[in-house]
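> please work out how this folds:
(2 chains)
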There are 2 protein chains.
Amino acid sequence: MKSRNQYLLILLVVGSSQAMAVGDLGRVIATQGDKERNIPPCSSCHGTDGGGDEATASARLAGQNAIYLARQIENFRAGRRNHPLMQPWAMRLTEKEIGAVTDYYASLPPASNAQPPQGVDLADGVALALYGDWRGRRLPGCVQCHGPSGSSVGDTFPALNGQPYSYLLSQLTAWTQDARSGDPLGMMAAVGGRLTAQESKSAAAYFAGLPPEGLGSDGEAQTPAESASTPAGLAARAEGDRSGPSQEDIPGQVDIPAGRAPDAQGYFEPPMRSERPDGRFGEMVALGEAIFRDTDTHPDSAPYVGNAQSCENCHLDAGRLPNSAPLWAAWVAYPAYRSKSHRVDTLASRIQGCFRYSMNARASVSGQPPAADSTVVVALLSYSYWLATNAPTGDTGMPGRGYPDLAATAEGYDAQRGQIVYQDKCAVCHGSAGAGQRAEGQVVFPPLWGADAFNWGAGMHSVATAAAFIKFNMPLGGFLELTDQEAWDVAAFVNSHERPQDPRFTGDIAETAKRFHSGRDDLYGTPSPFDGHLLGRGAAND
Amino acid sequence: MKSRNQYLLILLVVGSSQAMAVGDLGRVIATQGDKERNIPPCSSCHGTDGGGDEATASARLAGQNAIYLARQIENFRAGRRNHPLMQPWAMRLTEKEIGAVTDYYASLPPASNAQPPQGVDLADGVALALYGDWRGRRLPGCVQCHGPSGSSVGDTFPALNGQPYSYLLSQLTAWTQDARSGDPLGMMAAVGGRLTAQESKSAAAYFAGLPPEGLGSDGEAQTPAESASTPAGLAARAEGDRSGPSQEDIPGQVDIPAGRAPDAQGYFEPPMRSERPDGRFGEMVALGEAIFRDTDTHPDSAPYVGNAQSCENCHLDAGRLPNSAPLWAAWVAYPAYRSKSHRVDTLASRIQGCFRYSMNARASVSGQPPAADSTVVVALLSYSYWLATNAPTGDTGMPGRGYPDLAATAEGYDAQRGQIVYQDKCAVCHGSAGAGQRAEGQVVFPPLWGADAFNWGAGMHSVATAAAFIKFNMPLGGFLELTDQEAWDVAAFVNSHERPQDPRFTGDIAETAKRFHSGRDDLYGTPSPFDGHLLGRGAAND
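Numbering: from 1, shown residues only, chains lettered A, B, ... in the order given. Presented below is the predicted three-dimensional model:
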């Protein structure tokens, strides 16, 4: 792989003189340094191809996001990252040089000199990477922020795939020991501290073994390795859920905000992934989980999704997490009469409603939700049913079902106040324009408004519902907790934006508002707090 | 009502001289008797209109089945019924007179002189009449043999509706005290002995209060009374299930054959009817039960039923009874992979399969099963779900689920032997030609073969399945138990007859047999033991 990348680099160097001209300063710093100012070439540690180095625990820089890289140099300069060599060298770079050298590395084709050690059990790492450990430690899967194969998301979440094992492990250790900071909102400092030493090794070995190119939009590695460390092979090995290590094994303080859902609170525990039955039913359950996690891109369900949403967006931990509308509680609560639909809904028709509203099926290829007896619905039903194993039929009072009610605050809610909260605490993932973020052809952070968001008929467009969801579920990892007031305000901000039209739209906003949006916390048909237009005109892809 | 019937009688007497001529002997005996032989006119006790008499506890004869009436005169003559006056009088009648007088009364329009006492609580009686008490005492509802309003079925099950209260009570007491016999197979002797004195009063009062004309095919009384004793009004009052009286309250011996299902054996107990929730969901549950009980005639489901079958035929006690494929066990066992369908079936698609095969939907008005999201399926799902309240999701091992396996016998099965069993013990209800029996526009005993039976694709066409069902569920009321050998043999007899074609028929019996009927106990494609033709040519309505 190294030689292939070197070959590509040579092609780039030889064939793209114009690009080279633009990046010349960066290339010079990277490959020659500046002897006069005692700045060695970056390549002396990070590799001539930028693929990093195991021996010196140096990161791969090739293909990494430029803004992220620049921020790291700033972190060294400010003492938020510690390295005896990098710190003094970083101090000597000019702002211009920092921009040039980080642009240079970002422009290089991804390369990796990682050589993960043999004999590290990868199972723990794969489980953490793909599934996290929500129930025990409210740990999202690494991929939920770093992208499907950890190949970076935006300018905040760096590439992990193909990083040298020694580098990844040193950084996980640094987070664990509070020896690194500067991450937005302190996310990694909080999350990294919840890993055991063994898990850190396993996760580092897993990502080090992934190809630096990332996965294609079909979820397959673009350069499939033949080892057992391919994502597919490893995922198969990590089918098991994690009961997680005992509390004593966990380094640092696991500080889960109040109101969240550790197991000790007596919530129902769905079966572990390792308990999934064999055979055709087990395959259907697995299909259901796959559709649930990647609804908008899974080939079976994509034709029914008209935006960039997945079931898992509103039902964290793939529908397992208490207080996040878990599927196990939904299974035992249907059929039930719902005033929204004016009928007795089965879980099948309830799921069709999710497609109609939250997934805006009207704008999908098929233009409608999947049929009640379609493979998609049967798979989602099978998955829900299996998660509910042993739950009492008809128990509509299971602790953790739905979202907890969030009491109204004395000050009510205010979208203007919410805007500040949003830009402070939400935009880093969902983007300042609410458009979410993608990686490798998949949505990593879902759009919150606009044409790719849930539509005006989805339950989440209610300020109360969104506030409750946000309060008890956001941000992923629970590393900070919004106050009730912040949750209400930011929910009002999010829901003060246009989104796809309500499929029940009668042709008139006021009439539609009267018929379907009379709820107290429903902003459809009310004036936008930002430009005064009547909310509900809809947002659509051109 | 009496005056109206008298008026009708006068019309008949005056206007139908020809009919009178044929029935003259009967009319003379009935209205004048024969003084020379000291035979008083029947009408002196049974009323001039044949409507019976409360004061003398005399049955209404008008409209009663002639063969049934003649058999009762024989019972008096043989001492199987006791009455100080009827017995000597009956002895004096010639065979010809018996035929004539019973024909005469059968030809009279139904009339009733019943005057049920005020103040009898009808709730017990209605519950017994409509629902029975399967769990506690394996009591079918009275209407399951006597017809929807007790207006008689065939020549075996007499009319109860509009009978004088005193007569009904005296007879229930007689059954209870072994003072009456002669009923086919000793059915009433067994069943009547399981009623308490209070229940006997209540049931007698209920039927005494029903109009003698019976119900129309729409289930409404043809001559609706205005009192609370209309079937609809009473059924509303009797929504409650019956937990049944304590053992001490039950007169006589409750002799339930081994292997049947009293509660004490630890079977799951579904909620009682009285616990059905209010509101739209409760209405859906009630609709589901109504469809389940009368699938072929209920207006919602009839368009999807191509024969004369109801769900309840194979799932006794409206899907509640253990070992009779109870719905509560089915609910928690789906979705599941089934080799028959080669797919993961939801309970919705499983129910569609019942329509396709057991209800032969192909021959129905719509030509197909109801859609997975149709009201019919949602109602049946809602009813199943509610019956499963508190059952553990995914528990595929609930005691009493499905039908118990019936071990093969050393002698195997033999349709010729089964024919004898059938004519002996089954034909009284299902008819000697397997065509079942109807009353008031509804199927009371379902057809077992022929065009109106389940088709060649239904599970019940397997000899093993039918044998198990028969062994553990037939006859209603469990007043006799077939040996394992009898169950196997009679199942083979029933399933050696033609029935509607398998909807999967390829056009060739041998090929269809090979593809879909390779089971050990599947007679499709084998020679008929009676005429040698290859079974599977199908039976259809012309």
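
> where do the helices of the stretch 101-250 of chain A begin and end?
Using DSSP state H, counting those that start in this stretch, the helices found in the stretch 101-250 of chain A span residues A:123-130, A:134-137, A:143-146, A:165-176, A:187-192, A:197-208, A:231-237.

> so which of those helices gets nearest B:Ser518?
Nearest to B:Ser518, of all those, is helix A:231-237, at 35.0 Å by C-beta to C-beta. C-betas here are computed from N, CA, C, even on glycine.

> just the pLDDT at the spatially most central residue of chain A, thanks.
A centroid search over chain A (C-alpha atoms, centre = their mean) returns A:Gln144, at 3.0 Å, as the residue closest to the centre. pLDDT for A:Gln144: 95.

> can you check the one 5 residues further on too?
In the prediction, the pLDDT value recorded for A:Ser149 is 94.

> cool, the one 5 residues further on as well?
pLDDT recorded at A:Gly154 is 94.

> lowest-confidence stretch among the helices of the stretch 101-250 of chain A?
Mean pLDDT is lowest for helix A:231-237 out of those, coming in at a mean of 50.

> after that one comes which helix or strand?
helix A:279-293 (DSSP states H and E).

> gap between that following helix and the chain center?
21 Å (C-alpha atoms, centre = their mean, to the nearest Å).

> average pLDDT across that helix?
Summarised as a single mean, pLDDT over helix A:279-293 is 98.

> and that helix, what does it pack against?
helix A:311-314, helix A:316-319, helix A:375-387, strand B:336-338, strand B:343-345 (3 or more C-beta pairs under 8 Å, 6 or more residues apart in numbering or on different chains; DSSP states H and E).

> need the ones you listed in a markdown table with distance to B:Phe268 and mean neighbour count, can you?
Below are those laid out as a markdown table (distance: least, C-beta to C-beta, whole Å; neighbours: other C-beta atoms under 10 Å in any protein chain shown):
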| stretch | distance to B:Phe268 | mean neighbour count |
| --- | --- | --- |
| helix A:311-314 | 32 | 23 |
| helix A:316-319 | 27 | 25 |
| helix A:375-387 | 18 | 26 |
| strand B:336-338 | 18 | 17 |
| strand B:343-345 | 22 | 20 |
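
> nearest to B:Asp373, out of those?
Smallest distance to B:Asp373 across the helices and strands packed on helix A:279-293 (C-beta to C-beta): 9.6 Å, for helix A:375-387.

> what mean pLDDT does the closest one have?
98.

> distance from it to the middle of the chain?
Centroid displacement of helix A:375-387 relative to its chain, using C-alpha atoms, centre = their mean, is 23 Å.

> helices or strands next to the helix or strand that that helix is followed by in the packing?
Note on helix A:375-387: by DSSP H and E, the next helix or strand toward the C-terminus is helix A:415-425. With contacts taken as 3+ C-beta pairs under 8 Å, 6+ apart, helix A:415-425 sits against helix A:484-494.

> could you point out which element follows the helix it packs on?
Later in the chain than helix A:484-494, the nearest helix or strand by DSSP H and E is helix A:509-516.

> if you count contacts, what does that following helix end up packed against?
Going by 3+ C-beta pairs under 8 Å, 6+ apart, helix A:509-516 lies up against no helix or strand.

> how far out from the middle of the chain is that helix?
Relative to the chain's own centre, helix A:509-516 is displaced by 35 Å; criterion: C-alpha atoms, centre = their mean.

> may I see the buried residues of that helix?
Buried residues in helix A:509-516, counted by 16 or more other C-beta atoms under 10 Å in any protein chain shown: A:509, A:512-513, A:516.

> and the residues you listed, which is closest to chain B?
Nearest to chain B among the buried residues of helix A:509-516 is A:Phe516, at 18.7 Å by C-beta to the nearest C-beta.

> does the nearest residue to A:Gly402 once chain neighbours are set aside count as helix, strand or coil?
Closest residue to A:Gly402 apart from its sequence neighbours, by C-beta to C-beta, 6 or more residues apart in numbering or on different chains: A:Ala325 at 5.3 Å. Of the three states, A:Ala325 takes coil according to DSSP: H, G, I helix; E, B strand; the rest coil.

> what about the residue nearest to the residue nearest to the centre of chain A when sequence neighbours are not counted, how many neighbours?
Spatial nearest neighbour of A:Gln144, excluding adjacent residues (C-beta to C-beta, 6+ apart): A:Leu476 at 6.0 Å. A:Leu476: 20 surrounding residues under other C-beta atoms under 10 Å in any protein chain shown.

> equivalent analysis for the one 10 residues further on, please.
Each residue near A:Glu486 was counted by other C-beta under 10 Å, and the total is 23.

> tell me the pLDDT of it.
A:Glu486 is assigned 98 on the pLDDT scale.

> my guess is it contacts A:Tyr422, does it?
No. Checked against C-beta atoms under 8 Å, the pair A:Glu486 and A:Tyr422 is beyond contact range at 9.5 Å.

> returning to what we had before: gap between the residue nearest to A:Gln144 and chain B?
Distance, A:Leu476 to chain B, by C-beta to the nearest C-beta, to the nearest Å: 28 Å.

> contact residues of chain A facing chain B?
Proximity of chain A to chain B is confined to A:279-281, A:284, A:331-332, A:334-337, A:343-344, A:346, A:348-349, A:352, A:371-373, A:378, A:381-382, A:385-386, A:388-395 under the rule C-beta under 8 Å from any C-beta of the partner chain.

> what's the most distant pair in the buried residues of helix A:509-516?
The widest separation within the buried residues of helix A:509-516 (C-beta to C-beta) is 10.9 Å, between A:Ile509 and A:Phe516.

> pull up the overlap in contacts between the two.
Contact criterion C-beta atoms under 8 Å, 6 or more residues apart in numbering or on different chains; residues shared by A:Ile509 and A:Phe516: A:Tyr524.

> now do the nearest residue to A:Asn161 once chain neighbours are set aside, the pLDDT please.
Distances taken as C-beta to C-beta, 6+ apart put A:Leu210 closest to A:Asn161, at 3.8 Å, once the chain neighbours are dropped. On the pLDDT scale, A:Leu210 is placed at 96.

> coming back round to it: surely the residue nearest to the centre of chain A touches A:Tyr131?
No. Using C-beta under 8 Å as the test, A:Gln144 is too far from A:Tyr131 to be in contact (9.3 Å).

> now do the buried residues in stretch A:356-367.
Going by neighbour count (16+ other C-beta under 10 Å), the buried part of stretch A:356-367 is A:356-364.

> now those as JSON lines including pLDDT and secondary structure?
JSON lines is the format used below for these (pLDDT from 0 to 100; DSSP: H, G, I helix; E, B strand; the rest coil):
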{"residue": "A:Arg356", "pLDDT": "98", "secondary structure": "helix"}
{"residue": "A:Tyr357", "pLDDT": "98", "secondary structure": "coil"}
{"residue": "A:Ser358", "pLDDT": "98", "secondary structure": "coil"}
{"residue": "A:Met359", "pLDDT": "98", "secondary structure": "coil"}
{"residue": "A:Asn360", "pLDDT": "98", "secondary structure": "coil"}
{"residue": "A:Ala361", "pLDDT": "98", "secondary structure": "helix"}
{"residue": "A:Arg362", "pLDDT": "97", "secondary structure": "helix"}
{"residue": "A:Ala363", "pLDDT": "97", "secondary structure": "helix"}
{"residue": "A:Ser364", "pLDDT": "98", "secondary structure": "coil"}
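
> which residues of chain A score low on pLDDT?
Applying pLDDT under 70 to chain A flags the ranges A:1-23, A:216-264, A:541-542.

> and if we set it to 90?
Within chain A, the stretches with pLDDT under 90 are A:1-23, A:135-138, A:176-178, A:184, A:186, A:189-194, A:214-266, A:476-481, A:518-520, A:540-542.

> quick one, strands of the stretch 51-200 of chain A?
A:151-153, A:157-159 (DSSP state E, counting those that start in this stretch).

> the ones you listed: which one's closest to A:Ser528?
Closest approach to A:Ser528 among the strands of the stretch 51-200 of chain A (C-beta to C-beta): strand A:151-153, 29.8 Å.
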